[in-house]
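A.B. asks: Have a look at this prediction, sequence included:
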Amino acid sequence: MSEPLLDVRDLRVSFRTRRGTVTAVDGLSFSVAPGEVLGVVGESGSGKSVSMLGLLGLIRDPNATVTGQVLFRGRDLVTMPDKELRAIRGRDIAMVFQDPMTALTPVYTVGWHIAEQIRAHEDITRQEARTRAIGLLEEVGIPDPARRVDSYPHEFSGGMRQRAVIAMAMACGPALLIADEPTTALDVTTQAQILDLMRRENAGGSAIVLITHDMGVVSRIADRVLVMYGGRAVEEGPRPAVFRTPRHPYTWGLLDSVPRVTGPRLRRLPAIPGMPVSPLDIPDGCAFAPRCRMRHAACTERPALAGDRQHRDACWLPTDDRAALRREETTP
Amino acid sequence: MLTFALRRLLAAIPVLFAISVLVFLIFFATPGVDPAARIAGRNADPATLAQVRHTFGLDRPLPVRYLLLMKHLLISRDLESFVNRGSRVVPQITHAMPVTLSLVLGAAVIWLIAGVLMGTAAAALRGTLVDPLIMLVGVIGVSLPVYWLGEVVNLFTQNRLHDSVFAWVPPLGYVNLTDDPLQWALHLLFPWLTLAALYAGIYARVLRSELVAALNEDYVRTARAKGVSERRILIRHALRCSLIPVVSLFGLDIGALIGGAALLTEVVFGLPGVGKLTYDALQNVDLPVIMGTVLYAAFFVVLANALVDVVYAKLDPRARHV
Amino acid sequence: MTVLLRASEVVKRYPAGRAGAVHAVNGVSLDVRAGETLGVVGESGCGKSTLGRCLVRLTDLTSGRVEFDGQDITALGPRRLRPVRAGLQLIFQDPYASLNPRRRAGDIVAEPLKVHRHGSAGAIRDRVAELFEVVGLSAAHLDRYPHEFSGGQRQRIGIARALATRPRLIVADEPVSALDVSVQAQVLNLFADLQDEFGLTYVFIAHDLGVVRHVSDRIAVMYLGEVVELADAEALYAAPAHPYTETLLSAVPEIDDGSDPAPRERIVLTGDVPNPSDRPAGCAFHPRCPYARDLCRTERPPLTEAAPGRLTACHFPLVSSSRAGAPTGR
């Protein structure tokens, strides 16, 4: 088995607050192979965004603590001094965020931003950087790139801005692109275009970690899926396996409660009772237990991520016939 | 851009007109205040009063008086002071302008540099002790009234320590730049520092809070994710955006100060600027001079407002298309 | 099948300085039948939110007519409109912005009762408690402030407020967009329960095609201020008549869990969702339509019945007796 590009082991991110210590990410482990697309799914409070910010050293809150191991090409990012980490950020690992409207400093042109990205890591002239920026804008499908390179961010529409941001992120050819809800703020047709773009970038060799709450998006683009709840991983595996034979009750709940565009029309959707757990309030034992219809005595102890090498889940239910248990759960 | 600036300046004219009418009504048409009595003196007899009224056109109808006043002030520029007979208002103002300009511009340079340095340092070092210390210094600067601070400074430089530490400090007053640059600067040194103390504190606080907000913005997060150094983020991203509101504030402050808002500083340090001129005129109820200085001040405030809008559009591309 | 709300040629125009005017709603006619849920779906700039506000007269119409329960409410002044408002309510999109942060939850819900002089203070208190129970909140929540609630709970407060005066029709503007998936399902179920219990009629505005499909009986698809298709939910999703609807449906990322044997063919649209201040001539969709022909560039298609029960604004609808369209390779 080839060496993973990114190997996260027991990542923990906690914040010291007036109300005590809040653990936003609680022992998360996962890996990303070169060229793979990992979809990270979760709702609010699941820790999916915080974990990625944490592993890149982007959490600036002095009350935050990040522990664990994050091995990127064998080097641990958690213990790395910021100067070295900066060399990796943008060049080897790039990150794209949710809201394209606020992602770029409004007083500089789009071309300036892309040039800044390149010149942060490569020693080239402004003219060369500008030429490359034009090329990048063209690659991501922005019309009239030679003119648009001198436009300001507010002159772009949301979809175009997100493309420009992706172009900027890919400028130095990173091996890994982390995208945090990149299409949530966009219309569905624009979303489809951006997902196509990301697939193209992936075909060019970059691995992608795509964070989203939208199961459909994950289903369309991911090779593997990681489901998070309460700062922990609850299920992880290849996309077809997780979607066709999900093992964790939370995953069942998520898949069942999404209103589909195909299949039977339901007046009432199966809903997970209660609210997503808040990081302030995570119970001992399994974080999902309070909302789980299948909870039992064993759930007072936190389950570890277990299963075969490919498809794992963190649940005490017997591993044999989860599909049958799932059917049992949905019949009242 | 040019049409934009011109439009803003043209919009200033009705404002100035309104202000002039208001000042006129307040000072010249308030019932119970008889300008003639002020001019002629307390115990003037009715004949003298009538004479004075006629000479100064005070017996004409209000609108006519207003128009006459404006004509003398702006067109023929021979409007005379009520108090210092023979002395014309417009030249008085123009002579006082360089003094005020020297004071204000010099102080502005000092307070801008100090304010920006203090604000940036406080924001960059927030969480450490340095931040609240700097802000404390700023608050002290804001809290000390100019007239008090100025007098205290004078107490030490002109009086108590004049023979020892501050022997080099010249007496209060003003020296023309063209006559003796060194003396010009020395005479203005403490006035500059006193005036700047107030504004530096304000600007440090404003800049610090703008910077702290900017450092929490999404675009700073993006820049960090790009691998840009913290120093570059602070200066090229956060500071560049934070300075925009500071520049607006600066423009308005300068406008007001050139117009004579540095009144107290000038009085305390004996600088014959527009502020002191206004102060004296108010004390003596010298109506023509008051009218002249108020209009002069209003003009500069309006001008500053218009310029600030233009500069803002230059600095913030989002404001250009409006 | 009575018509409870009827919109006729509703136009809402906003002046836009040098750019002329923006027609946020550009001639919309539709009927809402008593007891049904009419879904209104579209992307940003399509005018669905503006239409919703026009329907409840939260904004004035530039032209056109809105009739509620047989009464023409288009030009009613605030005083005459007030009794109408008791029967016609709006639920807002943003549960974080639509509740006054300085008021307690109970007071927020009591306000419409006070405005419509529901009764004594005691009667109002009782009704508020009843409403809270109906939406799944408890008496303990009455005295709390909005910031103490989650998004889903806040939306429930908004729903309780809308229900207070026993309305007959509720226009819900993106009521679940800001909510997590699991909470969304709960709130949608609440909508269904309330409809059954109180005989409500809904106009349900959303951009999420999955959500709209499940809650609606009929669906109106909007594009650039116009209704381009209106049909039964089942029929619309099975066989869209308007090319835009077809593109929209094909763009939705579907969950592949093995249950759907035939995934939809993807139609990729080029370009951005257009700006409402820049409406193309002829058919609004023609610049991006894969089937566009000459007629589409010059003449705006009216909303007509292409097949029984299928209204569409297209010269060459995809569903009709004589379908003669293949993509013209745009």
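C.D. replies: Arrived safely, thanks for sending. Residues are numbered from 1 along each chain as shown, chains lettered A, B, ... in the order given.
A.B. asks: got the contact list for the residue nearest to C:Leu113 when sequence neighbours are not counted?
C.D. replies: In space, and not counting its chain neighbours, C:Leu113 is closest to C:Ile124: 4.7 Å by Cβ to Cβ, 6 or more residues apart in numbering or on different chains. For every residue, glycine as well, the C-beta is placed using N, CA and C. Neighbouring residues of C:Ile124 by Cβ atoms under 8 Å, 6 or more residues apart in numbering or on different chains: C:110, C:113-114, C:118.
A.B. asks: do A:Arg244 as well
C.D. replies: By Cβ under 8 Å, 6+ apart, the contact list for A:Arg244 reads C:256-258.
A.B. asks: could you flag which of the residues you listed are buried?
C.D. replies: Burial by neighbour count, 16 or more other Cβ atoms under 10 Å in any protein chain shown: within these this picks out C:256-257.
A.B. asks: pLDDT check: weakest of the contacts of A:Arg244?
C.D. replies: Looking at the contacts of A:Arg244 by pLDDT, the weakest one is C:Gly258, with 75.
A.B. asks: helix/strand/coil for that residue?
C.D. replies: Of the three states, C:Gly258 takes coil according to DSSP: H, G, I helix; E, B strand; the rest coil.
A.B. asks: how much space between the residue lying closest to it once chain neighbours are set aside and chain B?
C.D. replies: Nearest residue to C:Gly258 in three dimensions, chain neighbours excluded: A:Arg244, at 4.5 Å (Cβ to Cβ, 6+ apart). Computed as Cβ to the nearest Cβ, to the nearest Å, the A:Arg244 to chain B distance reads 35 Å.
A.B. asks: buried ones in whichever strand or helix holds B:Ile113?
C.D. replies: Following DSSP states H and E, one finds B:Ile113 within helix B:89-124. Neighbour counts over helix B:89-124 (16+ other Cβ under 10 Å) mark B:89-90, B:92-93, B:96-100, B:102-104, B:106-108, B:110-112, B:114-116, B:118-124 as buried.
A.B. asks: ditto for stretch C:234-251
C.D. replies: For stretch C:234-251, the neighbour count (16+ other Cβ under 10 Å) marks C:235-237, C:240-251 as buried.
A.B. asks: any idea of the mean pLDDT for that stretch?
C.D. replies: Per-residue pLDDT over stretch C:234-251 has a mean of 92.
A.B. asks: Just checking it against chain A, any contact.
C.D. replies: Yes - against chain A, stretch C:234-251 shows contacts by Cβ under 8 Å from any Cβ of the partner chain at C:234, C:237, C:247-249, C:251.
A.B. asks: give me the low-pLDDT residue ranges for chain B?
C.D. replies: Along chain B, the model assigns pLDDT under 70 to residues B:1, B:30-42, B:56-57, B:83, B:85, B:321-322.
A.B. asks: Narrow the buried residues of stretch C:234-251 to those in helices?
C.D. replies: The helices, defined by DSSP state H, take in C:235-237, C:243-251 from the buried residues of stretch C:234-251.
A.B. asks: Reformat those as CSV; add distance to A:Met215.
C.D. replies: Output for those, formatted as CSV (distance: Cβ to Cβ, whole Å):
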residue, distance to A:Met215
C:Ala235, 26
C:Leu236, 23
C:Tyr237, 18
C:Pro243, 27
C:Tyr244, 25
C:Thr245, 23
C:Glu246, 23
C:Thr247, 22
C:Leu248, 19
C:Leu249, 17
C:Ser250, 18
C:Ala251, 16
